[in-house]
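Q: Everything below, folded, please.
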Amino acid sequence: MLNGLQDWIAEEIFVPVHIAANPLESVAIGTGRSLSFIDKLQKASV
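A: Here you go, the predicted structure:
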């Protein structure tokens, strides 16, 4: 969608960048995984 964005980000932050094939699905999966250890996340934020 945004040509060159992946390369630009990788160069700016010096880490490999991968563009998800289905970004919305990736967000949903990541959110679900984070909910599986919500207690640890809450302790870390305090």
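
Q: hey, where'd the helices end up in the chain?
A: Remark: helices assigned in the chain by DSSP state H are 5-13, 23-35, 38-45.

Q: so can I have TSV of these showing mean pLDDT and mean neighbour count?
A: No exception for glycine: its C-beta is placed from N, CA and C like everyone else's. Shown next, in TSV, are the helices of the chain (pLDDT from 0 to 100; neighbours: other C-beta atoms under 10 Å):
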stretch	mean pLDDT	mean neighbour count
helix 5-13	91	11
helix 23-35	92	10
helix 38-45	79	8
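
Q: Contact partners for Ser26?
A: Neighbouring residues of Ser26 by C-beta atoms under 8 Å, 6 or more residues apart in numbering: Ala20.

Q: meant to ask about Asp7, not that
A: Asp7 neighbours (C-beta under 8 Å, 6+ apart): Val17.

Q: Same check on Val17?
A: Neighbours of Val17 in contact, by C-beta under 8 Å, 6+ apart: Gln6, Asp7, Ile9, Ala10.
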